Each structure stands twice: as structure tokens, then as C-alpha cells.
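Novice: okay, structure incoming, though there's no sequence with it:
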């Protein structure tokens, strides 16, 4: 909806180098998708017009290549989760930091979810984001959905320190304890190799090649 907050979001995303346009109701969302316009859709589930289920179903049916980041108040989270595709879609709870939205947009586009490029390689680590397949040194690795999401969050900024708080927001979309993040980092290390994830004491974690 056209508010001061949404105007701030648009300014920030444009400053981040994202080409972005906005519409103010569900019918316009569907028109934009049907025109073949967006590479990615950020959808406020409280837009006027068709309800969220109808809009998401239409997007998934008519533009299956377009990933969706849904923005929802906490009380509507449970209803939303069953409508999202786990391999392509994402969600944010309102209110959210604008830089977090920008980071998730970069992640979705970088992973190739909006393009034909769906394989990421970093050293001997290979990730097929379309099929959720991971291999190390040519050997397949089985990850849980949470472990896969954590790996994707680390791959969003390889070589950069990812703070506990940012990883928690990207993987769990809500506050999570540093201990929980540490536990899943340990699970991931066992599967892809402990040397691939370096701890920076007091700051976070770095995915290395």
C-alpha cells in the first residue's frame, strides 16, 4: 500500500541498485505478473483485492519461475506458511528492517531462483538451488531444510562475516538465540566439512572456499 513506510522501502531498494516498481492492490499484482515483468515479487499479504491465497496461487500457476517474498503480520504467519513453496518463496514478519528485505532479494536473485542459473559452486562445494541438492568433492550431502536454509544464507555473502542475528532472521525469519544458530552451524559443519565455516569470535561465521 502507498504509505510513507513503503516509499522508504522503495527508496532504499533503489539505492541498493534494485530496479523496483510498486502496485497498490492484488489485481495489479496479477496484471504485472501476467505481463511478464518481475524477476521477483515482494507481496504484502494485506493488499486490497483478492486474498493472499488467490494471489499466490495465480502467481505460482502463471509465473512459476518468479520467487515470492511475502510480507505478513505475525498473526497471519501460520496461514501463510502453507501457501509458500519451500524451494522458491520466502517471508518476512512486519515490521522488518529494510536492509533485511534488500538482503533477501539479493539472495533470491543470486541463487538463480529467478533465472535459469540454479547451480552455485564455491570451491568443492556445489549447490543446485532448484532441486535442493548439495555435494562436496563430488559426493552428495543430505541436508535438512533448516541446514539447507542456513547454507543458503551463508552463500549469500561468501567470505563475509555473517552475524548470528542476521543468520537467525534469514533462516528462522524471527529472533533466534545465538545458541540455536551455533547448534545448526555444528550440524552443517559435520556434513560439508568443518573447515568450510570459520567462526569469528564475537561476530559470527564465514563460509570459505
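Specialist: Happy to help now that I have it. Given the structure is predicted, the values throughout are model-derived calculations rather than measurements. Residues are numbered from 1 along each chain as shown.
Novice: isn't there a helix covering residue 8?
Specialist: Yes. With DSSP: H, G, I helix; E, B strand; the rest coil as the criterion, residue 8 is part of a helix.
Novice: tell me the pLDDT of it.
Specialist: On pLDDT, residue 8 comes in at 82.
Novice: and the helices in the protein?
Specialist: Secondary structure of the chain, counting by DSSP state H: helices at 4-15, 26-34, 52-62, 77-81, 98-110, 145-155, 164-172, 178-192.
Novice: from residue 71, how far out is the most centrally placed residue in the chain?
Specialist: Among the residues of the chain, the one closest to the centroid is residue 104, at 4.5 Å (Cα atoms, centre = their mean). Counting by Cβ to Cβ, to the nearest Å, the separation of residue 104 from residue 71 is 11 Å. (Glycine included, C-beta is placed from N, CA and C.)
Novice: what of residue 65?
Specialist: Residue 65 sits 21 Å away from residue 71, going by Cβ to Cβ.
Novice: who's more crowded, the two?
Specialist: residue 71 (20 against 10; other Cβ atoms under 10 Å).
Novice: so what sits opposite the more buried one in the bridge?
Specialist: residue 44, residue 92 (DSSP bridges).
Novice: and it, what does it touch?
Specialist: For residue 71, the contacting residues are 42-45, 91-92, 94, 96, 101, by Cβ atoms under 8 Å, 6 or more residues apart in numbering.
Novice: for the residues you listed, which one is nearest residue 137?
Specialist: Relative to residue 137, the closest of those is residue 91; by Cβ to Cβ it sits at 34.1 Å.
Novice: okay if I get the helices of the chain as TSV plus distance to residue 203?
Specialist: As requested, the helices of the chain are exported to TSV (distance: least, Cβ to Cβ, whole Å):
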stretch	distance to residue 203
helix 4-15	24
helix 26-34	39
helix 52-62	37
helix 77-81	29
helix 98-110	17
helix 145-155	14
helix 164-172	9
helix 178-192	11
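Novice: those: which one's closest to residue 208?
Specialist: Closest approach to residue 208 among the helices of the chain is made by helix 145-155 (9.7 Å; Cβ to Cβ).
Novice: so what does that closest one touch, helix or strand wise?
Specialist: Using 3 or more Cβ pairs under 8 Å, 6 or more residues apart in numbering; DSSP states H and E as the contact test, the elements touching helix 145-155 are helix 98-110, strand 125-128, helix 164-172, helix 178-192, strand 204-207.
Novice: at 6 Å instead, please
Specialist: Applying 3 or more Cβ pairs under 6 Å, 6 or more residues apart in numbering; DSSP states H and E, we find helix 145-155 packed against helix 164-172, helix 178-192.
Novice: and that helix, which residues are buried?
Specialist: By 16 or more other Cβ atoms under 10 Å, the buried positions in helix 145-155 come out as 147-155.
Novice: returning to that earlier point: can you put the helices and strands packed on helix 145-155 in TSV and add mean pLDDT, distance to residue 20 and mean neighbour count?
Specialist: Shown next, in TSV, are the helices and strands packed on helix 145-155 (pLDDT from 0 to 100; distance: least, Cβ to Cβ, whole Å; neighbours: other Cβ atoms under 10 Å):
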stretch	mean pLDDT	distance to residue 20	mean neighbour count
helix 164-172	79	20	19
helix 178-192	92	30	16
